[in-house]
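Trainee: Attaching a predicted model along with its sequence, questions to come.
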Amino acid sequence: MFTPVDPKVSFPALEERILQTWKDGDIFRRSVDERPEDRLFVFYEGPPTANGRPGIHHVLARAFKDLIPRFKTMQGYRVPRKGGWDTHGLPVELEVERELGLKSKPDIEAYGIAAFNRKCKESVSRYVDEWTRLSDRIAFWADMENPYVTWHNDYIETGWWIFKQMWDHGNVYQDYRSTPHCPRCGTSLSDHELSLGYEEDTPDPSVYIKFRVDSADFAKATGFDSSGKNVFLVAWTTTPWTLPGNTALAASASATYGLYEHEGEYLVVASTLGKALLGEEAIAAGTVQGESLAGLAYVPLYTPETTGDATVLRFDHAGHLKPLEGSPEGLRRVINADYVSLDDGSGIVHIAPAFGTEDFNEGKLYRLLFVQHVDTKGLMSTGVPGPGLFVKDADPVVTADLKERGLLLRESTIKHTYPFCWRCKTPLLYYAKPSWYIRTTSQKEKLLEGNSRINWHPAHLQAGRYGNWLENNIDWAVSRERYWGTPLPFWVCQDCGKQECIGSRAELAERATDGAKARAMDDFHRPYIDEITFACECGGEMRRVPEVADAWFDSGAMPYAQWHYPFENQEEFLRFFPADFICEAIDQTRGWFYTLHAEAAMLHASEAVPDSISYKNVICLGHILDEHGNKMSKSRGNIVEPWDVIESYGADATRWYMYTASPAGSPRRFSGSLVEEGLRRFFLTLWNTYSFFVSYANIDNLDPRTKPAGELPEIDRWLLSELNALILKVTDELEDYEPTNAARAIDTFVDDLSNWYVRRSRRRFWRGAGEDDNDKQSAYYTLYTALVTLSKLLAPFTPFVADELYRNLVRSVDARAPESVHLAEWPVADSAAIDSALNSETQLLKRVASLGRSARARSQIKVRQPVAEVAVSPRTPEEGQVLKRNAALILEELNAKALRVVDDESDVVRWNVKPNLPVLGKKYGSALAEIRKALAAMDPREVADTVRRGRNLTVTSYDLEPADILLEPLDAEGFASATESGYTVAVATTITPELADEGLAREIVRRLQDLRREADFDLSDRITAWYVAGSDVTRVVQSFGDYIRGETLSTELVAAGPPSDAHVSEQTIEGERVTLAVRRNS
């Protein structure tokens, strides 16, 4: 009836075979097309960049992305999954630079922008086949034959349209600001890109610098007379390279500053920091208020504006930078600022407006001098220490120069968190320059309101990591001074400076001086787009700005650009917006999750789309770590290659581990050995149960789909009750986007199915014809129902094994059934079949059996050795009645002769009561001795009873919690016990000779069963057994002959040497040398 099951299955080989059946049957396409078009479930695929090989973290993401669409498909939804490729941006450019041996932007321009971008286009598709192969192999189903691709002209045009909507509503602008800048890549980075590259424990210099002020000016401003001694303001910085650009010092207006005499001069430091900086012996000769320092001029450390080629400007009254007019002398002064910290440093902050964000803002506020002595490559200019050096290399040069001039007070090294380029790993600089921005701050409330409607998993991200990000949202620096990207559609007049945004190729052709050239352009990238110019109303020529868009803008545009909206497919876009589900890793709260959300909000504000959110439900995945909990990295050599794991253990086992190891949002350790452990524990348990069923069903040739007449036996009703409860549980958890809870519930059920139901029902399948056929049919029906239902519940998680079970169990007996489990319907629970009382009773029996086995293990009594008695102390009298009703089951489970339900567990266990000293010591301190004495005088049984019921215990005048007391169980005489959650089970440890003989008989049965397996006999084969043994084994075989023959299907037990054609084994049993042999009867 069923195809025989190989118990020594190779899951990777099985999966390769199933893969082929899917391709032959076009199962993925049919799984989409056979669902109704009016019942959509929308999934957005976050586009990967295919210029590198996929790693194990991509397997993690694809496993979770694949699960929910499969589940919704089986629920009857139509779930198209359009694949996509993220093709623009720094990741691609850097890869091509390495291949071509290019080191900088001038190198790229010398090579040629057109040629460079052609190489980029080739690079992004280099590993597409490898990505597709891995995706197929792990059963990640998506339409990769018709993907959206961000470099396609249609995609770029939609990006232009998005910019145009924001431009027309005043939400795109150019501004001169301090922005995160990568000197290696020569471009700005956005705030969300900045967040991706922070590294902890980065070493940097920590220097305290002295800025001299005129003593007379200081006395006039503060009233402090230095008696002719020099006065210095002390500022702290971790970026000495910025000091040549210093144009102000900031002090806190409300702080008190001390004047400390030090080596014949006065140092001005915040009073709260004086001793930390200058030593405990430091005493202030006087104090001044920070507000009195405002306006005080000081001697500049450097004057690059007069000695080198630095850029020198000054902020005007409107906050705009203009060329410096007149002398810079006297422009460097002290200002007051609220953000000056009094927790560390000196209480005085060095201000370099050309670099830091706060510095730049103070420059605008106070019309400060602007000195930019570093170029965009991060190299120092002439006229300052270390000309031509990279800024980080210039740090010690600047420090040494200041030390030589007597202006360095103190230097050391600190470790702190510092931003690096998230792609090339170069230290970032805050660098003031003009950039283009999207005014996301204008829609802060819309962003927050939209976030409140998104169902986040984990939920804490909504108000936590992501919500905080939105609360502190700043405008999006969207321009990149690079080459391979969506060209910004902004044209600027070279004469009058007028700016214009183009929103479509049609508008571009209409405005272009050479409209035919614009219409014929088949590549919208640089340098071709840069050749399109048009006339300004002033008569000047308008040229496109040289920047391209942040590649994250491209990925955030995919809900619209995948459809070339609004130029085509308007209805399709509206049907597929917003997404019901997306899924990516935790860093995407600063990446794709944010850009999707930001662009939707901005477009909604422009009345261009119907909703301000582009996704409703999101699973955010935690990081994947190595087996020791360390971050995976090439430098550590702990990267796990996905193909190594898949080819060894299979995709299903890899997926299953990803789902069950930890909740989706938590980090998970990963290694091949961890996957292998799950394979052994879960998959082999399931497979052996499946194999058991098929083997016996084929022997008996029964139709397992037929439900027998009358009420099913209790164990069958229990399994079906648990099965239907499982359907509800898995469905509810997946509906709530909690796949780990669902997978773990299935894991528990499979363990119960194998280690309780099948183990306890095994004899029902062995019965011969006429031996209660109705009971056998009930067992087959119940186990078959469970396995078929499991195949459907497992389909979204482990699509290969699920389909293997389904095809053999369902299609083999019903040709009208769907060809694949992935075309089948999701199971629906029968609530009437759920018997909660029966489930609870069986759970109690399983707990007692488990504790009894633990007690046996403690006393080293083998499971096959019968014991005289088992005593159980339940939590309630009602549970005691359940145990008595099921005494036969408990005795069979624990191989015991008698059951005793005890009201007072002191009959079988005693308690050693001890105070939890570390906990109590912290709580009660000196009263601990009194508590210990009083506790020692109390009845340990009463203490244990109170604590184990979770109640507080009064000791003298103190109210102790259960955690304050430690309970150590001690076995009563003649018993071994195990205790858990208020239950105690004890087994008698005295083994009589009669019990020992029975245990030996069971051991002989096990040895003969092992021989049957070694000889590869069928389950139904009758055999003859031979034995040659000493007196003890011989006596037991003769005394328990009927039992041994029945258990081993032996027609004879022959006390003689075996024939030559028997399967023979020499063994030691209980110290006796024994020869055992078996032969299949003819």
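Mentor: Noted; the coordinates are in hand.
Trainee: from here on, contacts and neighbour counts on C-alpha atoms
Mentor: Fine.
Trainee: what's the domain layout of the protein?
Mentor: The chain breaks down into these domains under automatic domain parsing: 11-86+127-159+552-658, 204-419, 683-828, 845-988, 993-1080.
Trainee: Straight-line length of the first one, end to end?
Mentor: The straight-line separation of the ends of domain 11-86+127-159+552-658 (C-alpha to C-alpha, to the nearest Å) is 17 Å.
Trainee: Could I get the contacting residues of the closest residue in space to Lys897 that isn't next to it in sequence?
Mentor: Excluding the flanking residues, the one nearest Lys897 by C-alpha to C-alpha, 6 or more residues apart in numbering is Ala868, at 5.0 Å. Going by C-alpha atoms under 8 Å, 6 or more residues apart in numbering, Ala868 touches 896-898, 987-988, 990-991, 995.
Trainee: Also Pro91?
Mentor: Arg423.
Trainee: My reading is that Val987 lies in a strand. Confirm?
Mentor: Yes. Secondary structure of Val987 (DSSP: H, G, I helix; E, B strand; the rest coil): part of a strand.
Trainee: Now do it against Asp907, distance only.
Mentor: Where Asp907 is concerned, Val987 sits at a distance of 12 Å (C-alpha to C-alpha).
Trainee: mind listing the strands for the stretch 51-200 of the chain?
Mentor: 82-85, 143-149, 172-182, 187-188, 198-213 (DSSP state E, counting those that start in this stretch).
Trainee: out of the ones you listed, nearest to Asp626?
Mentor: strand 198-213 (19.2 Å; C-alpha to C-alpha).
Trainee: other SSEs contacting the following helix or strand past the closest one?
Mentor: Moving toward the C-terminus from strand 198-213, the next helix or strand (DSSP states H and E) is helix 215-222. Where contact means 3 or more C-alpha pairs under 8 Å, 6 or more residues apart in numbering; DSSP states H and E, helix 215-222 is packed against helix 290-293.
Trainee: Name the surrounding residues that touch the helix it packs on.
Mentor: 221-222, 251-257, 334-336.
Trainee: out of those residues, which is most surrounded?
Mentor: The most crowded member of the contacts of helix 290-293 is Ala251, carrying 32 neighbours; neighbours defined as other C-alpha atoms under 10 Å.
Trainee: Val340 is in contact with that one, correct?
Mentor: Yes. In this structure, Ala251 is within contact of Val340 by C-alpha atoms under 8 Å, at 6.3 Å.
Trainee: Give me the common contacts of those two.
Mentor: Contacts common to Ala251 and Val340, judged by C-alpha under 8 Å, 6+ apart, are 347-349.
Trainee: Please name the residues that touch the residue nearest to Val867 when sequence neighbours are not counted.
Mentor: In space, and not counting its chain neighbours, Val867 is closest to Ala896: 4.7 Å by C-alpha to C-alpha, 6+ apart. Residues in contact with Ala896, defined by C-alpha under 8 Å, 6+ apart, are 866-870.
Trainee: Swap in 10 Å and give it another go.
Mentor: 863, 865-870, 888, 890, 987-988, 995 (C-alpha atoms under 10 Å, 6 or more residues apart in numbering).
Trainee: Asp225: which element?
Mentor: Counting by DSSP H and E, Asp225 is part of no helix or strand.
Trainee: any idea of the pLDDT on it?
Mentor: With respect to pLDDT, Asp225 scores 90.
Trainee: Tell me where the model's unsure across the stretch 551-700 of the chain.
Mentor: Residue ranges of the stretch 551-700 of the chain with pLDDT under 70: none are present.
Trainee: if we go to 90?
Mentor: 587, 590, 631-638, 699-700 (pLDDT under 90).
Trainee: One more: the stretch 401-550 of the chain?
Mentor: For the stretch 401-550 of the chain, applying pLDDT under 90 flags the ranges 416, 421-425.
Trainee: For it, just list every one of the helices.
Mentor: For the stretch 401-550 of the chain, helices defined by DSSP state H, counting those that start in this stretch occupy the ranges 444-452, 460-463, 465-471, 505-511, 515-520.
Trainee: residues making contact with the second one?
Mentor: If you take C-alpha under 10 Å, 6+ apart as the criterion, helix 460-463 is touched by 448, 451-456, 466-471, 586, 589, 620, 665.
Trainee: any idea how far Ser104 lies from Asp903?
Mentor: 83 Å.
Trainee: circling back to that earlier point, would you mind giving the helices of the stretch 401-550 of the chain as a markdown table with mean neighbour count added?
Mentor: Shown next, in a markdown table, are these (neighbours: other C-alpha atoms under 10 Å):
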| stretch | mean neighbour count |
| --- | --- |
| helix 444-452 | 18 |
| helix 460-463 | 16 |
| helix 465-471 | 17 |
| helix 505-511 | 17 |
| helix 515-520 | 15 |
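Trainee: Go through those helices and name the closest to Leu719.
Mentor: Go through these one by one with C-alpha to C-alpha and the one that ends up closest to Leu719 is helix 460-463, at 36.6 Å.
Trainee: Tell me which residue lies nearest the centroid of this protein.
Mentor: Residue closest to the average C-alpha location in the chain (C-alpha atoms, centre = their mean): Gly622, at 1.4 Å.
Trainee: Quick check on it: phi, psi?
Mentor: Backbone dihedrals for Gly622, given as degrees, to the nearest 10, come out at phi -70, psi 170.
Trainee: Then the one 3 residues further on?
Mentor: Main-chain torsions, Leu625, degrees, to the nearest 10: phi -120, psi 170.
Trainee: Would you map the strands across the stretch 551-700 of the chain?
Mentor: Using DSSP E, counting those that start in this stretch, strands in the stretch 551-700 of the chain cover 582-585, 617-621, 624-625, 668-669.
Trainee: can you put the ones you listed in TSV and add distance to Trp151?
Mentor: Below are the strands of the stretch 551-700 of the chain laid out as TSV (distance: least, C-alpha to C-alpha, whole Å):
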stretch	distance to Trp151
strand 582-585	22
strand 617-621	26
strand 624-625	30
strand 668-669	35
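Trainee: residue ranges with poor pLDDT in the stretch 851-1000 of the chain?
Mentor: 875, 903-912, 915, 917-930, 932, 936, 939-951, 954-959, 967-974, 979-982.
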